[in-house]
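# Take a look and give me a structure for this.
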Amino acid sequence: MAKAVRFYETGGPEVLRWETVAVGDPAPGEVRIEHKAVGLNFADTYFRTGLYPAPLPAGMGVEGAGVITAVGEGVTTVCTGDRVTYTGSPLGAYSTERVMPADSLIPLPDGVAFDVAAAMTMRGLTTAYLLRRIWPLVAGDTVLLHAAAGGVGLIFCQWAKLLGLRVIGTVSTDQKADVARRHGCDHVIVYTRENVVDRVRELTDGVGVPVVFDSIGATTFQSSLQCVARRGLLVCFGTAAGPIPPIDAMQLATQGSVFVTRPALADYIADPMERAVLAGELFSHVRDGGISIEINQRYDLSDAVAAHRDLETGRSIGSSVFSV
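Below is the predicted model:
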């Protein structure tokens, strides 16, 4: 029998349960996938806490990689035995196997291991749309990235260097600062002892940066706005510290006619063609060695409670995966 992590009420990590589940045959348009590795993402905690609503009871997780073991009627995009990865709805990636829609899957190229795919599909595609779709960045531009030693952060720093960008990153500790620098971050601000706004203004001759990429939310929103250059953009792509506060339109004017956006990955990979282009660019950089995916934490799938605790208390650096 298959095993899966499920939750029946919202709350802390302790609400996650490791259970035996039945996995049936795929319906039309579906496939059955045997997972080889499963991704651990901060977004998973949003579903567990109820920040992102989900009908209960529910599975957990939105990212995995494995092998197709059965296909339903009408499925033509994948075949039994294909290596695939995915990120996105429906919930249920924290499982040994599952049935899911075939159109959610991304073919996994040879040369990209299952654990690497599970560690980077969501983070890598997030980085792809942030750097390739949000703003017309050009070589020589300087950007500010919060959580530069996180899973997205380490991929972002490497990809940004391939594009000729200068990255100012924020981290919480000297250890994380060293990690960010090794992955291409040009200037690292340890925000626990340095003033982020003052340092950014110092590093940009008082101008600020054209784009700030903020995955933290509640505690960084105001300082992020103050780091944006005139007519620049604040990209709020995550809420690790809680939702961003209500936006005062007049403040956007007084800060220099700046823009604010709250994008979601789902809207940048909804079109299969665009998803294929972004994934292709990501996989190409990984296979060529331009982007290295370091898996710094590995957990058994049955240890989801401990994994979530590590994630929420800041003990994780870079990417984490579950072994299946």
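# gap between stretch 247-264 and the chain center?
Mean C-alpha position of stretch 247-264 versus that of the full chain (Cα atoms, centre = their mean, to the nearest Å) differs by 24 Å.
# Pass me the low-pLDDT residue ranges in the stretch 1-150 of the chain, would you?
Nowhere does the stretch 1-150 of the chain drop to pLDDT under 70.
# So which residues of it form helices?
For the stretch 1-150 of the chain, the helices defined by DSSP state H, counting those that start in this stretch occupy 42-49, 114-132.
# winner for burial among the ones you listed?
Comparing those by mean neighbour count (mean count of other Cβ atoms under 10 Å), helix 114-132 ranks first with a mean of 25. C-beta: built from backbone N, CA, C; applies to glycine.
# Which neighbouring elements make contact with that helix?
Counting contacts by 3 or more Cβ pairs under 8 Å, 6 or more residues apart in numbering; DSSP states H and E, helix 114-132 is packed against strand 30-40, strand 63-71, strand 83-87, helix 151-162, helix 265-268, helix 272-288, strand 295-300, strand 319-323.
# what would those look like in a markdown table with mean neighbour count and distance to Val116?
Shown next, in a markdown table, are those (neighbours: other Cβ atoms under 10 Å; distance: least, Cβ to Cβ, whole Å):
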| stretch | mean neighbour count | distance to Val116 |
| --- | --- | --- |
| strand 30-40 | 24 | 8 |
| strand 63-71 | 23 | 8 |
| strand 83-87 | 24 | 9 |
| helix 151-162 | 25 | 11 |
| helix 265-268 | 16 | 19 |
| helix 272-288 | 16 | 7 |
| strand 295-300 | 16 | 7 |
| strand 319-323 | 23 | 9 |
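# And the helices of the stretch 1-150 of the chain: which comes nearest Leu203?
Nearest to Leu203 among the helices of the stretch 1-150 of the chain is helix 114-132 (19.9 Å), distances taken as Cβ to Cβ.
# Now do the closest one: distance to the chain's middle.
7 Å.
# From Met273, how far out is the spatially most central residue of the chain?
The residue lying closest to the centre of the chain (Cα atoms, centre = their mean) is Arg123, at 3.3 Å. Separation of Arg123 from Met273 (Cβ to Cβ, to the nearest Å): 22 Å.
# Next up, the contacts around the nearest residue in space to Val67 that is not next to it in sequence.
Nearest residue to Val67, sequence neighbours excluded (Cβ to Cβ, 6 or more residues apart in numbering): Glu34, at 5.3 Å. Glu34 is in contact with 66-67, 69, 96-97, counting by Cβ atoms under 8 Å, 6 or more residues apart in numbering.
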